[in-house]
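> Provided below are the primary sequence and the corresponding predicted coordinates.
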Amino acid sequence: MAPLIITLLLLGAWEAYARLGDIDAFILPAPTQIAEALWRDRGLLADNLLVTGQEVVLGLLIALAAGLAIAVALHMWAPVRRAFYPLLVSTQAMPIVTIAPLLAAWFGFGILPKLIIVALVCFFPIVVTTLDGLATIDPDQIKLLRTLGAGRLQRLRWLEAPAALPAALSGAKIAVAVGGIAAVFAEYAGSEEGLGHLLLQSIPQLETARAWAAVLVLTALALACFFLLSLAERRLAPWAHRRKDSVA
Amino acid sequence: MATRLEAPATPRQTQRADQREVRCDGVTRRFGAVTALESVTLHAAPDEVVAVVGPSGSGKSTLLELVCGLQEPDAGSVSAGRAVLMPQRDGLLPWLSALDNAALPLRIAGADRRSARERAAAMLEELGLAGFERARTWELSGGMRQRVAVARTLLAGAPVLCLDEPFGALDAITRAELQSWLAAVLVREPRTVLLVTHDVEEAALLGHRIVVLSPRPGRVVAEVAVEAPAGPRKPTDPAVVAARAAALEALSAAMEGAR
């Protein structure tokens, strides 16, 4: 109840400030004007949501596959970990704003450069959380599997992969929050459609309310992905919510 | 491997006697400057249950890991048949059902899911766990979890079992219940067992022989035979009382000597 009241109060204050403060709508549209744009431009927003949603979801899936593979490789071979971990961190220090136009120049205005950027931004939290998940496995369970005669790959299958699954999904939840922003950046760098493209066009056209509506839709997309991942986590790794068990 | 799994009843008996015994001769194990075990000599005959008692830090768990081949001694020799470890906590995998946890050794040995489950179900039934096959590990009580862990350990088909404080985390009543349960299980499914415990009474209830280790570095300070027939014993059985007293005395003497 309290969060609802606070939100309504803030929206009310915003509405009053925008309406009574003699502010131009293209500087700061009132919430009701944004809601109006949301309804009026619903077709336009839906078409562009489909484009950006595809970029985010496919990009995240690529990031999951790559992130898991990289995490397992780093976990299994210490020399690989020492050699590549700094390189992985440096991929995250590279400003996406500078890479995005390069990728657009190389790969054109299609979906490929967007997928690369979304995956590039999203894979890192997945690698980090998965590696942590793999590292916190109970050493007793490793010993047990070894005395049962399990080789490296069998340990991966029976112990490490399932143990790291909840951590990997947590990483994906972090990733999906920034995945939408990455997709917008990628669209800024060169595209003909998508919510980022719509944003980029709306602002110089002084359609600020439409831009805000696009931001709202983008937020809803991130929330929906986050919710789906939480659901997947509960279905796929129910044990992760049981404190009693020894495995994290 | 697969053919051995097809015939559940016979393989253990057909194994050569030397694969069913444990021989540690003059075993020393160091970790850096710390000596965990020093010239430990310990033999277990086929199907003998040897209880190893000692204070914390006497290298009991290290001894089991040496027998299981998880560690190598720095001096002396360890020879044992294939040994499987049951770690202190049950080590059940929470993503598997009780049945699949018990079946895990069979799956690792290459059995397909169906036949592994069939054999595991038979074992669970034999151990009085029928009806719990589909339970998730977190739905099981501490005692039930240990029983499933014992079923898993037996299904590994190894002639030697290394049990590390198997009932240490249980309350007194459940522990007593599981002790007589395990004694009965070992009559039906005899194995060479090294049972590590800090509980002298548990050692006297389950062991054919009690080996007492000193505080760090662990040395064998006494061996006490328990003169009781196979099967569950009562804490009040004269043989148990006598063995318990003798082991306790050796243990306190060792503690005294360390001070």
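That came in fine, so what should we check first?
> Do you have the helices of the chain handy? List them.
Picking chain A for this. Secondary structure of chain A (DSSP state H): helices at A:2-20, A:31-40, A:42-76, A:78-93, A:96-107, A:112-135, A:139-147, A:152-155, A:161-188, A:195-202, A:208-236.
> that's the wrong chain, I wanted chain B
Here chain B has its helices, by DSSP H, at B:2-6, B:11-14, B:60-67, B:98-108, B:113-126, B:142-155, B:172-188, B:200-206, B:238-258.
> would JSON lines of these with distance to residue B:225, mean neighbour count and mean pLDDT be doable?
Any C-beta I mention is one placed from the backbone N, CA and C, and that applies to glycine too. Listed next are the helices of chain B as JSON lines, based on distance: least, Cβ to Cβ, whole Å; neighbours: other Cβ atoms under 10 Å in any protein chain shown; pLDDT from 0 to 100:
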{"stretch": "helix B:2-6", "distance to residue B:225": "34", "mean neighbour count": "12", "mean pLDDT": "39"}
{"stretch": "helix B:11-14", "distance to residue B:225": "25", "mean neighbour count": "13", "mean pLDDT": "42"}
{"stretch": "helix B:60-67", "distance to residue B:225": "19", "mean neighbour count": "25", "mean pLDDT": "92"}
{"stretch": "helix B:98-108", "distance to residue B:225": "32", "mean neighbour count": "25", "mean pLDDT": "94"}
{"stretch": "helix B:113-126", "distance to residue B:225": "30", "mean neighbour count": "17", "mean pLDDT": "92"}
{"stretch": "helix B:142-155", "distance to residue B:225": "25", "mean neighbour count": "24", "mean pLDDT": "91"}
{"stretch": "helix B:172-188", "distance to residue B:225": "17", "mean neighbour count": "16", "mean pLDDT": "90"}
{"stretch": "helix B:200-206", "distance to residue B:225": "11", "mean neighbour count": "25", "mean pLDDT": "92"}
{"stretch": "helix B:238-258", "distance to residue B:225": "7", "mean neighbour count": "17", "mean pLDDT": "88"}
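> Near chain B, which residues of chain A? Just list them.
Taking Cβ under 8 Å from any Cβ of the partner chain as the criterion, the neighbours of chain B within chain A are A:138, A:140-141, A:143-150, A:154, A:158-159, A:162-163, A:165, A:237-239, A:242, A:244-247.
> how many other residues sit next to the residue of the stretch 101-250 of chain B found nearest chain A?
Using Cβ to the nearest Cβ, the single residue of the stretch 101-250 of chain B nearest to chain A is residue B:138, 4.3 Å away. Neighbour count for residue B:138, taken as other Cβ atoms under 10 Å in any protein chain shown: 15.
> Below-threshold pLDDT in chain A: ranges please.
Applying pLDDT under 70 to chain A flags residues A:243-248.
> which residues does the residue nearest the centre of it contact?
With distances taken as Cα atoms, centre = their mean, chain A has residue A:176 as the residue nearest its mean C-alpha position (1.6 Å). For residue A:176, the contact set (Cβ atoms under 8 Å, 6 or more residues apart in numbering or on different chains) comprises A:56, A:60, A:122, A:222, A:225-226, A:229.
> again, 10 Å this time
Neighbour list for residue A:176: A:56-57, A:59-60, A:63, A:118, A:122, A:125, A:221-229 [criterion: Cβ atoms under 10 Å, 6 or more residues apart in numbering or on different chains].
> so what's it closest to, chain neighbours aside?
Nearest residue to residue A:176, sequence neighbours excluded (Cβ to Cβ, 6 or more residues apart in numbering or on different chains): residue A:225, at 4.3 Å.
> Return the residues in contact with that neighbour.
Per Cβ under 10 Å, 6+ apart, neighbours of residue A:225: A:53, A:56-57, A:60, A:172-173, A:175-177, A:179-180.
> JSON lines for these, including distance to residue A:79?
Converted to JSON lines, the contacts of residue A:225 look like this (distance: Cβ to Cβ, whole Å):
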{"residue": "A:53", "distance to residue A:79": "40"}
{"residue": "A:56", "distance to residue A:79": "35"}
{"residue": "A:57", "distance to residue A:79": "35"}
{"residue": "A:60", "distance to residue A:79": "30"}
{"residue": "A:172", "distance to residue A:79": "28"}
{"residue": "A:173", "distance to residue A:79": "31"}
{"residue": "A:175", "distance to residue A:79": "27"}
{"residue": "A:176", "distance to residue A:79": "32"}
{"residue": "A:177", "distance to residue A:79": "33"}
{"residue": "A:179", "distance to residue A:79": "31"}
{"residue": "A:180", "distance to residue A:79": "36"}
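> Can you flag the buried ones in these?
Buried subset of those (neighbour count, 16 or more other Cβ atoms under 10 Å in any protein chain shown): A:53, A:56-57, A:60, A:172-173, A:175-176, A:179-180.
> In these, find the pair that's most separated.
Spanning the widest gap among those are A:53 and A:173, at 17.0 Å by Cβ to Cβ.
> before we move on, back to that, in TSV: the helices of chain B, plus distance to chain A.
Putting these into TSV (distance: least, Cβ to the nearest Cβ, whole Å) gives the following:
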stretch	distance to chain A
helix B:2-6	12
helix B:11-14	15
helix B:60-67	7
helix B:98-108	5
helix B:113-126	12
helix B:142-155	8
helix B:172-188	16
helix B:200-206	20
helix B:238-258	26
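> Turn these into JSON lines, including distance to residue A:217.
As requested, those are arranged in JSON lines below (distance: least, Cβ to Cβ, whole Å):
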{"stretch": "helix B:2-6", "distance to residue A:217": "57"}
{"stretch": "helix B:11-14", "distance to residue A:217": "65"}
{"stretch": "helix B:60-67", "distance to residue A:217": "58"}
{"stretch": "helix B:98-108", "distance to residue A:217": "44"}
{"stretch": "helix B:113-126", "distance to residue A:217": "46"}
{"stretch": "helix B:142-155", "distance to residue A:217": "49"}
{"stretch": "helix B:172-188", "distance to residue A:217": "57"}
{"stretch": "helix B:200-206", "distance to residue A:217": "65"}
{"stretch": "helix B:238-258", "distance to residue A:217": "72"}
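> Hmm, residue B:249 is touching residue B:210, no?
No - contact criterion Cβ atoms under 10 Å: residue B:249 and residue B:210 do not qualify, at 11.5 Å.
> Mutual contacts of the two, please.
Residues touching both residue B:249 and residue B:210 (Cβ under 10 Å, 6+ apart) are B:200, B:222, B:224.
> and the first one, what does it touch?
Just to be clear, that refers to residue B:200. Here residue B:200 is in contact with B:51, B:53, B:210, B:212, B:224, B:243-251 (criterion: Cβ under 10 Å, 6+ apart).
> rewinding a little: go ahead and confirm the residue of the stretch 101-250 of chain B closest to chain A touches residue B:93.
No - using Cβ under 10 Å, residue B:138 is not in contact with residue B:93; the gap is 11.5 Å.
> chain center to stretch B:133-140: distance?
How far stretch B:133-140 lies from its chain's middle: 23 Å, per Cα atoms, centre = their mean, to the nearest Å.
> what comes up buried for it?
Within stretch B:133-140, the residues that count as buried by 16+ other Cβ under 10 Å are B:133, B:135-137, B:140.
> Just send those back as a markdown table, with distance to residue A:79 and pLDDT too.
A markdown table is the format used below for the buried residues of stretch B:133-140 (distance: Cβ to Cβ, whole Å; pLDDT from 0 to 100):
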| residue | distance to residue A:79 | pLDDT |
| --- | --- | --- |
| B:133 | 43 | 88 |
| B:135 | 42 | 91 |
| B:136 | 39 | 91 |
| B:137 | 36 | 91 |
| B:140 | 41 | 90 |
